[in-house]
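*Asks:* model this:
(one chain, ligands or ions: 1)
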Amino acid sequence: MEISPLQQLRHGYEPKLPKILSEDITTITAVYGEKTAPKRDQDSIKALFPHTYGKSRVSFAKGTNATIAEKRNVGVILSGGQAPGGHNVISGLFDAMKAANPDNQLYGFKGGPSGILEDSYTIIDRDYLDPFRNTGGFDIIGSGRTKLETRDQFERCAEVCLSHDIKALVIIGGDDSNTNAAVLAEYFLEKRYPIQVIGCPKTIDGDLKNEFIEISFGFDTATKTYSELIGNIARDSNSAKKYWHFIKVMGRSASHIALECALETQPNICLIGEEVAAKKQSLKSIVDEMAQVISARAEKGLNFGIAIIPEGVIEFIPEIKVLISEVNDLLAKEAEAFNTISKGNEKIDFVAARLSEASADAFSILPTSIKEQLLMDRDPHGNVQVSRIETDKLLAEMVESRLAKMKREGNYRGKFSSMTHFFGYEGRCAFPTNFDSDYCYSLGYNAFLLIASGLTGYISSVTGLTKAAHHWHAGGIPITMMMNIEVRHGEPKPVIEKALVDLEGEPFKYFASQRQAWAIETAFVYPGAIQYFGPAEVSDRTTVTLALEQGM
Ligand code: FBP
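*Replies:* From the prediction side, this is the model:
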């Protein structure tokens, strides 16, 4: 296979590890901290997880581990959307396993969680793994969105693991996959199956985070990729001075990606879904505010600009949220009748006729293309796929009509011409930054140490991430301590809480303090491309979000 010169060089990159993980692996031992408990719903979580509830936090220190060199087979699964660095989690896990015992074997289940159900795997050896080191993508074994959540599926997982003498499974995924990892760990203990389960925090969306998971992997690289592109467009816009660019960025629910890109590039407008929800802003008021900024810039002769739109914002707009939830329920309940309709306009009429009055009103003002997108196939959780809704086009169109109305009323004298963009898939498989390469390798290496310490139902945790990697802390957190009970599809479920943008947190507060100035002035910052070599202040820099959160 032909590879690029950069890929060639990146293979040679040696990821940096926290100091303790750089020691001879046979001299690293687990140190147990205080017993843990979730912040809320302790009794319910305890009742659901009697075997894994209340375990201690774990860190690592120099010492002896009598069982570390035991021969172990380990299985690994990549779950959900791609995120830069997944290959390095597997590299770190592999290297730790081989350092502990060269006979250890790593089974990579193919195509995501379905790989284990279908017993479809690759044995990952050094020759197979090496070309994937420090590269983006999940193509080493593939990924998928099948959920492991039923007892039948758990039985099948046990059957497959036992048939290969697999002692532990590492599940690399987001909040849902790690929730399922915790449920699987509990099930294996209940049934006395000798299989441990360890999770690793992945998602470019950045919404799997808390005190112990400072960032999910992939967020760093994805946001730097989008910020480079946004910066390039901003410079083009500032050169040609004739277009407003409406740029939608990924982020299924939370607006962390949009916020980080705004902190990096200083656009004129950036919507934050969580703020829209807190202020209960309607679609109309969002459009009005955007039109006001465009008009104020036009007064200064600036008929160009940048607006960043998080893809998930659509579900935070109160009337659209209700509409989407009604459509989700309707399509689930009346799937059979709906699926017999082939024509797009008839599908729209079918749904419109069955909505509540308020939702029917909200639906009626949307352009036909957006109505169709709202009715497309659901994801495996039965939710609308927001990445497929062209919110950038919707807003550009609505803003244009609003400005036309303002012009008719004599309240706008500018020229408006817009371009729309969607940045999502561009960032999910980028070459991981040095940060993601180091962090992911450490998460994987650390995951093996959790396994070798006999732990299960833990998530790999590496913290202190604004410091140099050498000073990072490695350890594990019982997943149950990150859970609470939420109603999902009408049922109370134990889940890891999704971390939305905290409107009281430093990243949002800083953005809010600056955005007025960024709106009217042209204060763009052009971050440029990710640097893999050179001075640490450019090649090892973390996200602005993490730096602000940690008071840097
Ligand atoms: P994960 O939460 O699984 O990491 O995926 C996040 C994401 O990239 C979202 O930002 C986006 O909405 C979604 O995946 C797209 O899903 P798909 O890969 O199925 O198109």
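*Asks:* between its first and last residues, how far does stretch 118-137 reach?
*Replies:* 22 Å (Cα to Cα, to the nearest Å).
*Asks:* is residue 501 in a helix, a strand, or coil?
*Replies:* Secondary structure, DSSP: H, G, I helix; E, B strand; the rest coil: residue 501 is coil.
*Asks:* what about it, distance to residue 378?
*Replies:* Distance of residue 501 to residue 378, computed by Cβ to Cβ, to the nearest Å: 25 Å. Bear in mind the C-beta positions are built from the backbone N, C-alpha and C, glycine included.
*Asks:* settle it for me: which of those two has more neighbours?
*Replies:* Just comparing residue 501 and residue 378: by other Cβ atoms under 10 Å the higher neighbour count belongs to residue 501, 24 against 15.
*Asks:* tell me the secondary structure at the spatially closest residue to residue 350 that is not a sequence neighbour.
*Replies:* Once flanking residues are discounted, residue 350 sits nearest to residue 341: 5.8 Å by Cβ to Cβ, 6 or more residues apart in numbering. The three-state label given to residue 341 by three-state DSSP is coil.
*Asks:* quick check: residue 341 vs the ligand, distance?
*Replies:* Counting by Cβ to the nearest ligand atom, to the nearest Å, the separation of residue 341 from the ligand is 25 Å.
*Asks:* do the same with residue 152
*Replies:* Applying Cβ to the nearest ligand atom to residue 152 and the ligand gives a distance of 23 Å.
*Asks:* for the helix or strand that residue falls within, buried residues please.
*Replies:* Element membership of residue 152 [criterion: DSSP states H and E] is helix 151-163. Buried residues in helix 151-163, counted by 16 or more other Cβ atoms under 10 Å: 153-154, 156-158, 160-161.
*Asks:* again, but for stretch 278-289
*Replies:* In stretch 278-289, counting by 16+ other Cβ under 10 Å, buried: 281, 283, 286-287.
*Asks:* ok, back up a step: any idea how many residues pack against the residue nearest to residue 350?
*Replies:* What residue 341 shows, counting by other Cβ under 10 Å, is a neighbour count of 15.
*Asks:* ditto for the one 10 residues further on
*Replies:* Close neighbours of residue 351, defined as other Cβ under 10 Å, add up to 23.
*Asks:* that one and residue 375 touch, don't they?
*Replies:* Yes - at 6.2 Å, residue 351 counts as touching residue 375 under the criterion of Cβ atoms under 8 Å.
*Asks:* residues shared between the contacts of these two?
*Replies:* Jointly contacting residue 351 and residue 375 under the rule Cβ atoms under 8 Å, 6 or more residues apart in numbering are 327, 331.
*Asks:* restricting to C-alpha, output whatever helix or strand residue 545 lives in in CSV.
*Replies:* According to DSSP H and E, residue 545 maps onto helix 544-549. C-alpha atoms of helix 544-549 as CSV (Å, rounded to 0.1, in the frame of the first residue of the first chain):
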residue,chain,number,x,y,z
VAL,A,544,-8.5,26.6,24.4
THR,A,545,-11.5,25.0,26.1
LEU,A,546,-9.3,22.7,28.2
ALA,A,547,-6.8,25.6,28.9
LEU,A,548,-9.7,27.9,30.2
GLU,A,549,-11.3,25.1,32.2
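*Asks:* what's that helix packed up against?
*Replies:* Judged by 3 or more Cβ pairs under 8 Å, 6 or more residues apart in numbering; DSSP states H and E, the packing partners of helix 544-549 are helix 256-265, helix 506-520.
*Asks:* compute the inter-axis angle for the first one and helix 506-520.
*Replies:* Between the direction of helix 256-265 and that of helix 506-520, the angle (axes from the mean of the first three to the mean of the last three Cα atoms, to 10 degrees) works out to 60 degrees.
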